[in-house]
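1. Dropping a prediction and its sequence here:
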Amino acid sequence: MTHVLSLVTFVPTLGAAVIFLLPRRSDTLVKVTTLVTSVVTFALSLPLYTRFDPAAADYQFVEQAPWMPTFGVSYHVGVDGISLLLVLLTTFLMPLTLLASWDSIERRWKEFAITMLLLETGMLGVFLALDLFLFYIFWEAMLIPMYLIIGIWGGPNRVYAAIKFILYTLTGSLLMLVAILALYFLHGAATGTYTFDLPVLARYVLPAGRAQDLLFLAFALAFAVKVPMWPFHTWLPDAHVEAPTPGSVILAGVLLKMGTYGFLRFCLPLFPQATLAFAPWMFTLAVIGILYGAWVSTVQVDIKKLVAYSSVSHLGFVVLGLFTLNPQGLVGGIIQMVNHGLSTGALFLIVGMLYERRHTRLIADYGGLWTVVPAMSALFLIVCLSSLGLPGLNGFVGEFLILVGAFQVNRPAAVLATAGIIFAAVYLLWMYQRVVFGPVTREENRRLGDLSAREWVILAPVLALIFWIGVYPVAFTSKTEASVQALITQVQTKAAATAALASRTP
Amino acid sequence: MTDVLAGLVAIAPALVLTVTGFVLMALDLLPPRGRHEHLGFVGLAGVVAALVTTVLLWGSDVSAFRGMVVLDNFALFFNLVIGYATGLVLLLSMDYLRRRGQESGEFYILVLFAAVGMVIMASANDLIVIFLGLETMSLSLYVLAGFFRSRIEAGEASMKYFLLGAFASGFFVYGIALIYGATGSTNLDKLGVAVAAGAGRDPLLLIGFGLLVVGFGFKISSVPFHMWTADVYEGAPTSVTALIATGSKAAAFAAFLRLLLASLRPVQADWALLLWGMAVLSMTVGNVVALAQQNLKRMLAFSSIAHVGYMLIGVVAGGALGNAGVLFYLLVYTFTTAGAFGVILLLERGGEEAVRLEDTAGLANRHPLLGLALTIFLLSLIGIPPTAGFVGKFYLFGAAVRSGYYWLAVIGVLNSAVAAYYYLRVIVSMYMREPEGTPTSVVPSFAGALALVVALWGVVQLGLLPAPLFDLAQSAVLPLLR
């Protein structure tokens, strides 16, 4: 099983190819094949967790093969403590998302299935690629399936949302392409080896100064749009509101993490000096995002939009954690990425279930759901509590670690961010209160059915993980610590080397 | 005797095409008189033979006719591009002409003679021979542009192309005359020696080269010499549009690059600045104006101007990477653009050609495979991986960054983002809108489908495994850079 990563990445593509050949008439066959493909992918990815060596900081399950040798491009994939959990999150969410699409996607299931599976390959490729060229290919290729999912299966204003999504992200990533090329040639000119290989490039000490700053900014812009950090977030509410439930779940659960993952994987090790220099700015933007996202969430009348803006706030925490550059902050950031994928994914799933029943997402159209659908309301409550960071559930672990990390380096930012947790409680609980408590205000709501068996199957695994991470986070944090520690050491030694380089050449 | 043989080898691909053209002229007079499709297939056989000749001659380095014509890898690579372009256009034309009731033998003959002109331009090592090739190609294309003579747009296209083309040729010839006056030669190598010896400061020579740039700028339709492009692309039969966009551009680039590399490399800093401006203008004007187009052929016309801008980035950046990047991009662009036009010419609405954006509404729902094909071509035009368009742009922008033209690369990628909007609009229309009125129908065509398969193969193959062809392109430009 030396090719386990390639298998995990390309089994979905294989599934998409099979579905392409299936007849259009038999929807059920297509659905089952898709689900089986995603479950198989998940099963294949499980050995990554069990056989991952937590003591080793380096990449594991590595595969490398030349692809464009004259250009120094290779097919190089591997997983370490930073990407492991995100890979698992992706393969874990995919089958649940497909189950959630079972009835909610009403037309052209075959195309939908192919797009979703190709999207999965793209997402996994982004997390696994260790070659900048390969990474960029997956990063860009993944845009198209998401664009189609929003644009074809989305809500009334879907075309606008889809185009906005793709133009925002494309502009950011194209500048990153120039930066990738610049890094490639700078490294080549300095060392004589022209390569896109990330581990090799990460060892290269770029002189401090304008070049490093600009490269950092070009990478950071691409990632900041993806996260999204304030003020690059405006595509997110549109995309989320218009996307169909599976699109929203994947968008919030996995796609947004690519931005924060990018910071961690590329910005920090490649441009350590610039990272340190820009950290205060990143803190500022992160805190603005935390507070702004929370405040805007509070006044939303549409549940889905509320959850969308809450993502801006939550991802602000992650960015805050990553730029603390201490173990607590980084591990907290990584765990918080997973947490956000689980709890916000679950929120979108529940909103989708409500929408399937009532065809509205306005808070005002609900009220008193507890008496009608008690089981769903209870799960909804747990997910809300997880999202706002109640101790004992997963959200608390991540936010606590991030704040511990932040207090050590930037006290004002940490204090303001803590206030963000309170606001999160405000908007989530207020929304929950209006939707679930009180008397039933609308006649239509009296006849709603509670969770079906399929919906239990979708939500139960997410809830299990929410409790698991909340009660015993070591099962997950232990996998990341070695890599995080190595990354911090690398950033610090490289920053010191850069500084030494700068002092020698006045 | 060996001289004659060497001469024949040097023009072998052109010779194959010429002979095929003559055979077609004879066949056109023989029965069956009513049908002309077999002429297309004979022409195609000739193109395939020319491609085979090209492949067999790969690696040769022959100079003939007193150095006026050379057959090196550079010329052979362009023969490859031109061969693919011509072959695809012939395939696309067969059913299309019959459907429009315009089938006749002259069409195929003219396409082949245009290809002869292109191949000669690729091999030309003398300004006079470049001009000969240019005129052979252009005269055929002027006629082809107006081939649907009952349509008023065809008349406009042909007339405009001819008049502006004649002016451009005039500039070109006058440029040759001035250069001859300054140096006493029209041979590219001898010009190179003269320029290296300091003739690059001679105003007569500078003006002469400036006039040549006007002529080439017209043929590759770079801003500010692009005014004819949209009208000609719109009025010409769609398959001819594909030929003008791909083959004629490739041929003009071949001659232009050879002139720049063989004769003008000593003064690269001077012309790089000029082409820098042309590249930025072409990209920006092409993309911005394309945003406003509702007619797909006009949209692709402006997009082709923008793509010339991208290719000029490679020329400006220079070096093995930049120039090979241009060659590679031309091949990619040929597959992609011929494919996109190939899909469009299969669309019909109420018996008329359907070339407007709204005609594509819901196309992917009714014809998933065709919709997918056009989507892949459009994604390649945007430059989204893993299509060939991405790899092509990657080489070009990479060359720019390597040579320190950071701003050019940044302007290039920002332009790509702008361009994404209008290409995506077509995808939006195909997948996300429903047609109003009679939906567009797709005409089944075996030859057309075959052309699309070849084009798709090119786009996917060059996207996933670009290394072998890029190495070929590099081996084609390296001798010129010595």
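-> Arrived safely.

2. and the longest helix along chain A, anywhere near chain B?
-> Ordering each helix of chain A by length in residues (DSSP state H) puts helix A:158-191 first. Yes. Shown here: helix A:158-191 in contact with chain B (CB under 8 Å from any CB of the partner chain) through A:158-159, A:162-163, A:166-167, A:170-171, A:174-175, A:177-178, A:181-182, A:184-185. C-betas here are computed from N, CA, C, even on glycine.

3. Report the contact partners of A:Gly438.
-> By CB atoms under 8 Å, 6 or more residues apart in numbering or on different chains, the contact set of A:Gly438 is A:367-368.

4. quick one: it from A:Tyr432, how far?
-> To A:Tyr432, A:Gly438 is 11 Å away according to CB to CB, to the nearest Å.

5. do the same with B:Thr20
-> For B:Thr20, the distance to A:Tyr432 - CB to CB - is 77 Å.

6. Now the stretch 251-400 of chain A against chain B: closest residue?
-> Closest to chain B within the stretch 251-400 of chain A is A:Met258: 15.3 Å, counting by CB to the nearest CB.

7. if I pick that residue, what's in contact with it?
-> Contacts of A:Met258 by CB under 8 Å, 6+ apart are A:123, A:126-127, A:139, A:223, A:226.

8. So A:Pro156: helix, strand or coil?
-> coil (DSSP: H, G, I helix; E, B strand; the rest coil).

9. nearest spatial neighbour of it, skipping sequence neighbours?
-> By the measure of CB to CB, 6 or more residues apart in numbering or on different chains, the closest residue to A:Pro156 outside its immediate chain neighbours is A:Glu242, 7.6 Å from it.

10. With only the CA atoms kept, save the helix or strand where B:Leu5 lies in PDB.
-> Here B:Leu5, judged by DSSP states H and E, is contained in helix B:2-10. Below are the C-alpha coordinates for helix B:2-10, written out as PDB (Å, rounded to 0.1, in the frame of the first residue of the first chain):
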ATOM      1  CA  THR B   2      22.500  17.700 -55.000                       C
ATOM      2  CA  ASP B   3      21.500  21.300 -54.900                       C
ATOM      3  CA  VAL B   4      18.200  20.500 -56.600                       C
ATOM      4  CA  LEU B   5      17.600  17.600 -54.300                       C
ATOM      5  CA  ALA B   6      18.400  19.800 -51.200                       C
ATOM      6  CA  GLY B   7      16.000  22.400 -52.600                       C
ATOM      7  CA  LEU B   8      13.200  19.800 -53.000                       C
ATOM      8  CA  VAL B   9      13.700  18.600 -49.500                       C
ATOM      9  CA  ALA B  10      13.700  22.100 -48.100                       C
END
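
11. List the buried residues of the helix or strand that it is followed by.
-> Downstream of helix B:2-10, the first helix or strand assigned by DSSP H and E is helix B:12-29. Buried residues in helix B:12-29, counting neighbours by 16 or more other CB atoms under 10 Å in any protein chain shown, are found at B:12-18, B:20-21, B:23-25, B:27.

12. Turn the residues you listed into a markdown table, including pLDDT.
-> Below are these laid out as a markdown table (pLDDT from 0 to 100):
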| residue | pLDDT |
| --- | --- |
| B:Ala12 | 91 |
| B:Pro13 | 92 |
| B:Ala14 | 93 |
| B:Leu15 | 93 |
| B:Val16 | 94 |
| B:Leu17 | 95 |
| B:Thr18 | 95 |
| B:Thr20 | 94 |
| B:Gly21 | 93 |
| B:Val23 | 93 |
| B:Leu24 | 91 |
| B:Met25 | 91 |
| B:Leu27 | 89 |
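
13. what residue ranges in the chain are flagged as low confidence?
-> Chain wasn't specified; assuming chain A. Applying pLDDT under 70 to chain A picks out residues A:1, A:502-506.

14. sorry, should have said chain B
-> B:1.

15. how about stretch A:20-31, does it reach chain B?
-> No. Taking CB under 8 Å from any CB as the criterion, stretch A:20-31 and chain B are apart, separated by no less than 8.7 Å.

16. For chain B, just list every one of the strands.
-> All strands of chain B, identified by DSSP state E, fall at B:62-64, B:69-71, B:347-349, B:352-353, B:441-442.

17. residue contacts, residue 32?
-> Just going to use chain A. So A:Val32 contacts nothing (CB under 8 Å, 6+ apart).

18. You answered for a different chain; I wanted chain B.
-> B:His38.

19. if we can go back for a sec, mind putting the buried residues of helix B:12-29 in a markdown table, distance to chain A included?
-> What follows is the buried residues of helix B:12-29, written out as a markdown table (distance: CB to the nearest CB, whole Å):
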| residue | distance to chain A |
| --- | --- |
| B:Ala12 | 30 |
| B:Pro13 | 28 |
| B:Ala14 | 32 |
| B:Leu15 | 34 |
| B:Val16 | 32 |
| B:Leu17 | 33 |
| B:Thr18 | 37 |
| B:Thr20 | 37 |
| B:Gly21 | 39 |
| B:Val23 | 42 |
| B:Leu24 | 41 |
| B:Met25 | 45 |
| B:Leu27 | 42 |
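
20. Closest to B:Leu206 out of those?
-> Proximity of the buried residues of helix B:12-29 to B:Leu206, judged by CB to CB, is greatest for B:Ala14, which lies at 32.2 Å.

21. Leaving out sequence neighbours, find the closest residue to whichever residue of the stretch 201-350 of chain B sits closest to chain A.
-> Going by CB to the nearest CB, chain A is nearest to B:Leu321 of the stretch 201-350 of chain B, at 9.4 Å. Distances taken as CB to CB, 6+ apart place B:Ala399 nearest to B:Leu321, at 4.3 Å, with adjacent residues excluded.

22. is it true that the one you found touches B:Gly319?
-> Yes. Judged on CB atoms under 8 Å, B:Ala399 makes contact with B:Gly319 at a distance of 6.6 Å.

23. okay, those two: which has more neighbours?
-> Neighbours around B:Ala399 and B:Gly319, counted as other CB atoms under 10 Å in any protein chain shown, are more numerous at B:Ala399. The numbers are 28 against 14.

24. all helices of the stretch 51-200 of chain B, in order?
-> B:73-99, B:105-123, B:127-145, B:152-183, B:188-196 (DSSP state H, counting those that start in this stretch).

25. typo on my end, it should be the stretch 101-250 of chain A
-> A:109-128, A:132-141, A:143-153, A:158-191, A:198-203, A:210-226, A:235-242, A:245-250.

26. For B:Phe253, find the nearest of the ones you listed.
-> helix A:158-191 (23.0 Å).
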